[in-house]
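S.K.: Got a sequence here, can you build the structure:
(one chain, ligands or ions: 2)
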Amino acid sequence: MTVAPIDAVHAREILDNRLEPTLRVTVETETGTGRADVPCGRSRGEHEAHDLRDGDDRYRGRGVRQAVANVTERIAPELVGRDATDQRAIDATLLDLDGTPTKTNLGGNAITGVSLAVLRAGADATGLPLYRYLGGADAHVLPLPFFDLIEGGELAGGDLPFQEHQVVPVGADSVAEAVQWSAEVYYELGDIVRAEYGEASLNVGAEGGYNPIGIDDPREAFELELAAIEECGYEGEFALAADVAASHFYDPETETYALLGEAMTREDLIGFYADLVDTYPVVSLEDPLDQHDFAGVADLTDRLDIQIVGDDLFTTNPDRLRTGIDRDAANALLWKVNQVGTVTEAVEAARMATRNGYAVQVSERSGQTPDTWLADLAVGLDAGQIKTGVTRGERTEQYNRLLEIEAALGDAATFGPPGDTPLDR
Ligand code: PGA
Ligand code: ZN
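M.R.: Ligands and ions are numbered 1, 2, ... in the order given. Below is the predicted model of the structure:
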């Protein structure tokens, strides 16, 4: 039985939060329509799916007209008449049509847009909210948010080497409580940052976190966050975490990391993390070492009793995740659909993670629109964790959608990852 035969697939060039072009794909079926906007990272892993850009005079080469044409001229004719609820088969067609491991032919951005719009069309045709369409009748777990209150690295202009210094409301019982507490800590942190580093430090980075001018020590960022948490009376209710994105301060020539004015070896850096975890309530570190260093990450995962998340390390790619699992590198997968391309591949990576005892943290990109498929997919996947920035509309809309889902589920909703994880401290 064909539930939702596809009538048409449209694509257009739209703008993301950075005023850069991206794709909006629409899939029309006889029984429903699906639309999805494509995100794009700035701090991209080397093994991500290819982000196809025009490279001509428009938008400094960042136009996506070629990717749009690939959707309308090459992909659409293959999908018309197919069933939008046949997600795996459609994604397989996309992979066949492209025929390259990193989607250089059609463009990872074109493929992600179509795959997500097909998912949405299937949900619409079946009359189900997206989270339930993906997660089934049992979908009920709202994710614990990681709030990137202080930014550095590639996402902000300051001197902080770590990309994200997150606060994690581990003591909260719901998204509503987590968001409220974290917002209060954000306001308080704003007062502290303004007083100590001046008004300009309130200018936010790519994901809406502060950017305190003059700080270059991640420990100082954590101190500020702890001070704000304490001032709000939430001591013990929050843990800390970071996306280190260590590849960005790694020098492959000398095999050292440029941190705090030193050239640290891998061993030095692991020692630095061990002290950090001893001194602060840090429960999770993302990409703590270079994205090629599976052996180093395995060693660190073994030595620190916390969550170690692979973002650039795995790029949501089942093959790379398999390598990590075989070597016991990291214990959590950062999950970004457009890093790999299709919904099917990304879901496969998430399942592989869970089956092997790895946690899954669903993630935004620094470039995106207010489209909220991310929030739905986090619930549908049963991920239990999400990072989706702090302020700016394309971030806050994700929280608004999570609040909406939580309210819709009512008493059926549960919050956060299952107990007995490294996040319980
Ligand atoms: P990106 O950064 O979206 O620019 O890749 C976020 C991250 O590294 O997690
Ligand atoms: Zn990252």
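S.K.: buried set for stretch 379-387?
M.R.: Within stretch 379-387, the residues that count as buried by 16 or more other CB atoms under 10 Å are 379-387. Glycine gets a C-beta too; all of them are placed from N, C-alpha and C.
S.K.: from those residues, which single one is nearest residue 404?
M.R.: Within those, distances to residue 404 taken as CB to CB reach their minimum at residue 379, with 10.6 Å.
S.K.: How about the stretch 251-400 of the chain: which residue is closest to ligand 2?
M.R.: residue 311 (3.5 Å; CB to the ion).
S.K.: got a list of what that residue touches?
M.R.: 45, 243, 245, 286-287, 334, 336, 363 (CB atoms under 8 Å, 6 or more residues apart in numbering).
S.K.: Extract the C-alpha set from stretch 158-170 and format it as CSV.
M.R.: Extracted as CSV, the C-alpha positions of stretch 158-170 are listed here (Å, rounded to 0.1, in the frame of the first residue of the first chain):
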residue,chain,number,x,y,z
GLY,A,158,37.9,35.9,21.8
ASP,A,159,40.9,34.1,23.1
LEU,A,160,39.2,31.1,24.8
PRO,A,161,40.5,27.9,23.1
PHE,A,162,37.5,25.7,24.0
GLN,A,163,34.6,26.2,21.7
GLU,A,164,31.8,25.8,24.2
HIS,A,165,31.6,26.0,28.0
GLN,A,166,28.3,24.5,28.8
VAL,A,167,26.1,24.4,31.9
VAL,A,168,24.0,21.3,32.3
PRO,A,169,20.9,21.4,34.5
VAL,A,170,21.2,17.8,35.7
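S.K.: which residues of the stretch 151-300 of the chain fall in strands?
M.R.: Residue ranges of the strands in the stretch 151-300 of the chain, as given by DSSP state E, counting those that start in this stretch, are 164-168, 239-243, 250-251, 256-259, 262-264, 282-286.
S.K.: Point out the most buried one among those.
M.R.: A comparison of those by mean neighbour count, using mean count of other CB atoms under 10 Å, puts strand 164-168 on top with a mean of 29.
S.K.: Name the residues that touch the host helix or strand of residue 91?
M.R.: Taking DSSP states H and E as the definition, one finds residue 91 inside helix 87-98. Judged by CB under 8 Å, 6+ apart, the contacts made with helix 87-98 from elsewhere in the structure are 74-75, 78-79, 82-84, 104-106, 111, 114-115, 118-119, 122, 341-345.
S.K.: Return the members of those residues classed as buried.
M.R.: Using 16+ other CB under 10 Å, the buried members of these are 75, 78-79, 82-84, 106, 111, 114-115, 118-119, 122, 341-345.
S.K.: Looking at the residues you listed, which are in helices?
M.R.: The subset of these located in helices under the criterion DSSP state H comprises 78-79, 111, 114-115, 118-119, 122, 343-345.
S.K.: tell me the contacts of residue 134?
M.R.: For residue 134, the contacting residues are 119, 123, 347, 376-377, 380-381, by CB under 8 Å, 6+ apart.
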